[in-house]
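K.L.:
sequence and predicted structure, then a few things I'm wondering about:
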Amino acid sequence: MSAVVSLRPTGPKHFLDLKDFTGAELRALLDAAAAFKRGSPKKPLAGKSLAMIFEKPSTRTRVSFEIAAKELGGNTVALSARDMQIGRGETIADTANVLSRFVQGILLRTDSAAKLHELARHASVPVINGLTELSHPCQIMADIFTFEEHKGPVAGQRIAWVGDGNNVAASFIEAAARFNFSLRLACPVGYMPRPEVLDWAKEEGADVEVGIDPDWAVENAACVVTDTWLSMSDSEDQAAARASAFAPYQVTAALMAKAAKGAIFQHCLPAHRGEEVAGEVIDGPASVVFDEAENRLHAQKAILAWAME
């Protein structure tokens, strides 16, 4: 645990995006996650409290962070926008300053990355990204942890992303740069990852390629990853357009067969069987989706311990 505590020792230790860290720093967090999963008795959050703000619905993020904080000896308070004055016009800056007087850490799950970064600028305690429309770093830490449990060190391996070039895909791109694995993304035209994310990856020398052919993406991949096609904010027209565009990108048994022998399947959940993934894949022997869900708990313990200890 000492290696994790030593990271960024001055000022609030925010966990906003994977690109903010070096590969060594992220590796130290994964090592800490493994220690917690083995049953480390340490209680680094004893006497400390975490405020969890959910502007978007959550199952895994809320439950895993709440249990993680409590098992580390801390307390939590869960808040939605309707519970707070921020839903009635109080500024992010004032909210950050007030919460910083009450708690030792803040988790935010929101559809506004700008709001997350403003909160971090004004908070005097660590702020953790529980998801924005641009990234989902906590999920990817659990995904890499899960990959390595099943397939060994991720460095030099190939991971395939099939589907929407969304926030989760963006964090996978950042992970490819930091953990030194190859990432191929197959996305429909119009649903590619944001250009600035791909430009960053190129500048970092990451092994990241983007195309439109799922067969190309999964060739020799040790892991195939997808995510939902639809967002809760999509209108009926948007949902229909997305369903049409993504239909050729369903992860089927036939597609998995084109990956490397023994390839695993990942999905951050919630999943829609018969849409982005066939039931025989997500419920089959290649699927590690519930290991991923469990590992949110251990990865987030490591993040909380680093940020708040």
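P.N.:
Right, received. Where do you want to start?
K.L.:
from residue 142, how far off is residue 16?
P.N.:
17 Å (CB to CB, to the nearest Å). All C-beta spots, glycine's among them, are computed from the backbone N, C-alpha and C.
K.L.:
surely residue 76 is within a strand?
P.N.:
Yes. Inclusion of residue 76 in a strand is indicated when DSSP: H, G, I helix; E, B strand; the rest coil is applied.
K.L.:
can you pull the contacts of it?
P.N.:
Applying CB atoms under 8 Å, 6 or more residues apart in numbering, we find residue 76 in contact with 49, 50, 51, 52, 65, 66, 69, 70.
K.L.:
show me the two of those residues that sit farthest apart.
P.N.:
Greatest spatial distance among these (CB to CB): 51 and 70, at 14.1 Å.
K.L.:
comparing the two, which residue is more hemmed in?
P.N.:
Residue environment comparison for residue 51 versus residue 70 gives the larger neighbour count to residue 51, 24 against 13, counting by other CB atoms under 10 Å.
K.L.:
surely that one touches residue 79?
P.N.:
Yes. Taking contacts as CB atoms under 8 Å, residue 51 lies within contact range of residue 79: 6.5 Å.
K.L.:
from the chain's centre, how far out does the longest helix anywhere in the chain sit?
P.N.:
For the chain, the helix reaching the highest residue count under DSSP state H is reported as helix 289-308. Averaged C-alpha coordinates place helix 289-308 at 10 Å from its chain's average position (CA atoms, centre = their mean, to the nearest Å).
K.L.:
what count of nearby residues applies to residue 63?
P.N.:
By other CB under 10 Å, the residues close to residue 63 number 13.
K.L.:
in the helix or strand hosting it, what's buried?
P.N.:
Under DSSP states H and E, the secondary-structure element containing residue 63 is helix 60-71. If you call a residue buried by 16 or more other CB atoms under 10 Å, then helix 60-71 has these buried ones: 60, 61, 62, 64, 65, 66, 68, 69.
K.L.:
pLDDT weak spots in the chain?
P.N.:
Judged by pLDDT under 70, the chain has its weakly predicted residues at 1-9, 87, 232-235.
K.L.:
how about the helices in it?
P.N.:
Under the criterion DSSP H, the chain carries helices at the ranges 2-5, 23-37, 60-71, 92-102, 113-122, 137-151, 167-179, 195-203, 214-218, 236-246, 253-256, 279-282, 289-308.
K.L.:
of those helices, flag the one that's most buried.
P.N.:
Stretch with highest mean neighbour count among the helices of the chain: helix 167-179 (a mean of 25; mean count of other CB atoms under 10 Å).
K.L.:
what's the angle between that helix and helix 23-37?
P.N.:
Relative orientation of helix 167-179 and helix 23-37, computed by axes from the mean of the first three to the mean of the last three CA atoms, to 10 degrees: 110 degrees.
K.L.:
ok now helix 167-179, how far from the chain's centre?
P.N.:
Chain-centre distance of helix 167-179: 9 Å, with CA atoms, centre = their mean.
K.L.:
between that helix and helix 195-203, how many degrees?
P.N.:
Computed with the same axes, to 10 degrees, the direction of helix 167-179 lies at 10 degrees from that of helix 195-203.
K.L.:
before we move on, the earlier item: contacts for the helix holding residue 63, please.
P.N.:
45, 50, 52, 54, 75-76, 78, 107, 109, 130-131, 138, 268-269, 293, 296-298, 300-301, 304.
K.L.:
so who does residue 84 touch?
P.N.:
53, 90, 95.
K.L.:
10 Å instead, please
P.N.:
Residue 84 makes contacts with 51, 53, 55, 90, 95, 98, 99, as judged by CB atoms under 10 Å, 6 or more residues apart in numbering.
K.L.:
next one: residue 103
P.N.:
48-52, 74-77, 123, 125-126, 308.
K.L.:
now, of the residues you listed, which are buried?
P.N.:
Buried by 16+ other CB under 10 Å: 48, 49, 50, 51, 52, 74, 75, 76, 123, 125, 126, 308, out of those.
K.L.:
could you work out the most separated pair of those residues?
P.N.:
With distance counted by CB to CB, no two of those lie farther apart than 75 and 123, which are 17.8 Å apart.
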